[in-house]
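Participant: Here is my input, please return the structure:
(one chain, ligands or ions: 1)
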Amino acid sequence: MSNLNPVSELPIGVFDSGVGGLTVLKAIRERLPQEHLLYLGDTARLPYGTKGAETVSRYAVQAAGHLVERGFKLLVVACNPASAVAMPALTKVFAPLPVIGVVEAGADAAVSTSVSGHIAVLATESTVHGGAYTRAIHARRPDAVVFSQACSLFVALAEEGWTHGALVESVAREYLHPLLDEKKRDGLDTVVLGCTHFPLLKQAIAHVAGEELQLVDSGE
Ligand code: DGL
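Facilitator: Numbering: from 1, shown residues only. Now for the predicted structure:
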């Protein structure tokens, strides 16, 4: 064991505003079972998705700072609003630590899944209004048609542990209604779950979306 690099023994730090990032933690654990993982959910200040860019960026640097104090080798920003606005600050403040966000990975997955190029993004308010997914998808596929829908209530439902059943499906129906029209009209074929809380409601969302729509999980 003497040739083990002590740095490689450090954990990977993962953070989100709440329980959503655990979907990312789970995906990392499945792929890298040998790694030590350290998770921070900033539940005291949840939600991030309704706050402005400056506030989210400040919270993200503070949350990451708590993890850095413990020592880790890679930071995973398992929070879309923070991935959308705080990457420059995080990369600068914690350099040379590598920092990975979820938006670029989600855009990669969306573009490789969609055949028609008509892609819907379900996310929180700030992720939708900031347009990070639209830009990231267009950077990969300039002719893509991107629809965005803010679904902030999904975050509260996931935090409450209400992930299945009639209530969740009826909220999903409200949010997905315009997208389902779009599917009929223009061949929408892919829906990005652009918030790490949303995969917790995946079953209900898939039920409402129907089989022809591919759901892409930005956490995965
Ligand atoms: N889980 C986060 C996301 O990926 C944010 C939820 C929130 O705090 O609004 O969008």
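Participant: Now do the contacts for residue 91.
Facilitator: For residue 91, the contacting residues are residue 99, by C-beta atoms under 8 Å, 6 or more residues apart in numbering. To be clear about C-beta, it is placed using only N, CA and C from the backbone, and glycine gets the same treatment.
Participant: hmm, 10 Å instead?
Facilitator: 75, 97, 98, 99, 101 (C-beta atoms under 10 Å, 6 or more residues apart in numbering).
Participant: quick one: contacts of the longest helix along the chain?
Facilitator: The residue-count maximum for a helix in the chain (DSSP state H) belongs to helix 166-186. With contacts defined as C-beta under 10 Å, 6+ apart, helix 166-186 is touched by 116, 118, 120-122, 145, 147-154, 156-158, 160, 162, 188-189, 191, 198, 200-201, 203-210, 212-213.
Participant: related to what we said a few turns ago, widest-spaced pair of the contacts of residue 91?
Facilitator: 97 and 101 (13.4 Å; C-beta to C-beta).
Participant: between these two, who's got more neighbours?
Facilitator: Remark: of residue 97 and residue 101, residue 101 carries more neighbours, 25 against 16, as counted by other C-beta atoms under 10 Å.
Participant: How many neighbouring residues does the nearest residue to the more buried one once chain neighbours are set aside have?
Facilitator: Leaving aside its sequence neighbours, residue 101 sits nearest to residue 83 (C-beta to C-beta, 6 or more residues apart in numbering; 3.1 Å). Residues lying near residue 83 (other C-beta under 10 Å) number 29.
Participant: swap in residue 142?
Facilitator: 8.
Participant: quick one: it and the ligand, what's the gap?
Facilitator: According to C-beta to the nearest ligand atom, to the nearest Å, residue 142 and the ligand sit 25 Å apart.
Participant: In terms of helices and strands, where is that residue?
Facilitator: For residue 142, there is no enclosing helix or strand under DSSP states H and E.
Participant: Which residues are in contact with it?
Facilitator: By C-beta under 10 Å, 6+ apart, the neighbours of residue 142 are residue 117.
Participant: Find me the pLDDT at it, would you?
Facilitator: The score at residue 142 is 98. That number is its pLDDT.
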